[in-house]
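Novice: Just to be clear, the model below is a prediction. Sequence and coordinates:
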Amino acid sequence: MLAQGLTFDCIGLAPAAAAKLPPAGALLGLDIKPQGQAISLRPGPHLAEGRALPPVVRALVGLGARLSQLPDLMAVSWRPARSWMAPGYFRNIASDWLAGGPFPALGLTTLHRGGDGAMVSLGLSYFIGQELRFEPGHALEPAAIARIAVRLINELVVSGPLREAAVLTGPGGERLVAEPRPDGAMLSVRVDR
């Protein structure tokens with residue numbers, strides 16, 4: 001398929017065998033993970049090295065939003081975040097982003113509670129090579145952490161990974177201290193009130 005001058009492979013359309021269903025993950029706008037057959041849309045081989053570049057992702061998301069209008073489509077999945085989205089939900093976040101809005105953090109990334117109470121992102125590393133880990137002990141509700149994470153994810157997708165500690169401001173004026181862990185793949189975030 002061709003979109004904005006870029007080619008994408010669409011795998012699993014009949015008469016070919018269906019693509020493998022993505023793994024279970026976060027459900028956004030869905031009550032249960034749908035069952036059925038899958039098609040897979042991914043950048044063509046010549047784009048493999050640049051698959052996370054903004055123009056490639058934007059073209060892929062736009063193409064996916066158009067395909068999400070297919071009749072009987074039950075869900076859209078974004079593998080790097082292990083997210084499953086209702087087609088209408090995906091179209092909304094995609095169209096908002098493509099029209100100049102914020103990055104669709106709750107869809108192209110997800111948030112998960114760690115065993116120690118930390119909140120950890122999944123899928124951000126696809127874009128910047130780092131995930132977020134909101135350390136426990138901040139006394140904020142999960143919804144407040146999600147709002148802070150969405151804003152921080154949007155900023156990081158635009159500006160790129162952090163290589164050294166930074167003090168940032170959350171949407172409610174919270175003081176955020178973000179510091180890369182030694183391997184650089186995880187940003188430890190503390191929320192100071």
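Specialist: In hand now; what should we look at?
Novice: Can you tell me the number of residues neighbouring residue 21?
Specialist: 17 (other C-beta atoms under 10 Å). To be clear about C-beta, it is placed using only N, CA and C from the backbone, and glycine gets the same treatment.
Novice: State the pLDDT value of it.
Specialist: With respect to pLDDT, residue 21 scores 90.
Novice: And the helices in the protein, which stretches?
Specialist: Along the chain, counting by DSSP state H, helices occupy 54-67, 87-98, 105-108, 124-128, 142-159.
Novice: now this structure, which segments are flagged as low pLDDT?
Specialist: 193 (pLDDT under 70).
Novice: Tell me who's in contact with the most centrally placed residue in it.
Specialist: Taking C-alpha atoms, centre = their mean, the centroid of the chain lies closest to residue 108, which sits 1.8 Å from it. Neighbouring residues of residue 108 by C-beta atoms under 8 Å, 6 or more residues apart in numbering: 57, 61, 78, 80, 81, 83, 93, 123, 126, 127.
Novice: now, of the helices of the chain, which is deepest in the fold?
Specialist: helix 105-108 (a mean of 23; mean count of other C-beta atoms under 10 Å).
Novice: now the helices of the chain in a markdown table, with distance to residue 184?
Specialist: Output for the helices of the chain, formatted as a markdown table (distance: least, C-beta to C-beta, whole Å):
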| stretch | distance to residue 184 |
| --- | --- |
| helix 54-67 | 21 |
| helix 87-98 | 27 |
| helix 105-108 | 21 |
| helix 124-128 | 11 |
| helix 142-159 | 13 |
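Novice: what about those, which gets the closest to residue 192?
Specialist: With C-beta to C-beta as the measure, helix 142-159 is the member of these nearest residue 192 (11.7 Å).
Novice: Now that closest one - C-alpha only, CSV.
Specialist: What follows is helix 142-159, C-alpha atoms only, in CSV (Å, rounded to 0.1, in the frame of the first residue of the first chain):
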residue,chain,number,x,y,z
PRO,A,142,-3.5,6.6,39.2
ALA,A,143,-5.6,9.0,37.1
ALA,A,144,-3.3,11.9,38.1
ILE,A,145,-0.2,9.8,37.2
ALA,A,146,-1.8,8.9,33.8
ARG,A,147,-2.3,12.7,33.1
ILE,A,148,1.3,13.4,34.0
ALA,A,149,2.5,10.5,31.9
VAL,A,150,0.5,11.5,28.8
ARG,A,151,2.0,15.0,28.9
LEU,A,152,5.5,13.7,29.5
ILE,A,153,5.2,11.1,26.7
ASN,A,154,4.0,13.8,24.3
GLU,A,155,7.0,16.0,25.2
LEU,A,156,9.5,13.1,24.9
VAL,A,157,8.2,12.0,21.5
VAL,A,158,8.7,15.6,20.3
SER,A,159,12.1,16.3,21.9
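Novice: Strands along the protein, start to end?
Specialist: Remark: strands assigned in the chain by DSSP state E are 2-3, 6-11, 26-28, 40-43, 76-78, 83-85, 110-113, 119-122, 131-134, 166-169, 175-180, 186-192.
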